[in-house]
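Chemist: coords below, sequence missing:
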């Protein structure tokens, strides 16, 4: 039997998503772009697509490893300048959790994390 994939958001990103949903309900569209990028990252993984693996030798891997305690990291190219980062974690014998850690709207935001 094949393992299934379950897409989740990190607690931090889930909080951001729900806060933006509340803002949107109140007519505040300030973070609408970020919200659409989060949804795009979720949809990307639900379509059983895979991101680019990030080498453990890169500084950006170290940033996510230290912050989230991950053992693997993948990047999703969402738009020309925005990226999503996720990790795969075993969710038991029959499922793998794909946890979206962060979504960055602009290249400069993840450049800082990777010390580029």
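Modeler: In hand now; what should we look at? None of these values were measured; they are calculated from a predicted model. Numbers count the residues shown, from 1 in each chain.

Chemist: only C-alpha atoms from now on, for both contacts and neighbour counts.
Modeler: Will do.

Chemist: pull out the buried residues from the lowest-mean-pLDDT helix or strand in the chain.
Modeler: In the chain, no helix or strand scores lower on mean pLDDT, DSSP states H and E than helix 107-114, which sits at a mean of 75. Within helix 107-114, the residues scored as buried using 16 or more other Cα atoms under 10 Å are residue 110.

Chemist: centre of the chain to it, how far?
Modeler: On the basis of Cα atoms, centre = their mean, to the nearest Å, helix 107-114 sits 14 Å off its chain's mean C-alpha point.

Chemist: going forward can the numbers begin at 260, since that is how I track them
Modeler: Done: numbering now begins at 260, and the last item shifts to helix 366-373.

Chemist: which stretches in this protein count as strands?
Modeler: With DSSP state E, the ranges of strands along the chain come out as 263-268, 311-312, 333-336, 342-349, 354-363.

Chemist: quick one: closest of those to residue 292.
Modeler: strand 354-363 (10.5 Å; Cα to Cα).

Chemist: who does the closest one touch, helix- and strand-wise?
Modeler: Strand 354-363 sits against strand 263-268, helix 270-284, helix 291-305, strand 342-349, with contacts defined as 3 or more Cα pairs under 8 Å, 6 or more residues apart in numbering; DSSP states H and E.

Chemist: columns distance to residue 324, mean pLDDT and mean neighbour count on top of these, output as CSV?
Modeler: Formatted as CSV, the helices and strands packed on strand 354-363 follow (distance: least, Cα to Cα, whole Å; pLDDT from 0 to 100; neighbours: other Cα atoms under 10 Å):
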stretch, distance to residue 324, mean pLDDT, mean neighbour count
strand 263-268, 16, 91, 17
helix 270-284, 15, 97, 15
helix 291-305, 20, 96, 17
strand 342-349, 10, 94, 20
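
Chemist: thanks again, I'm all set now.
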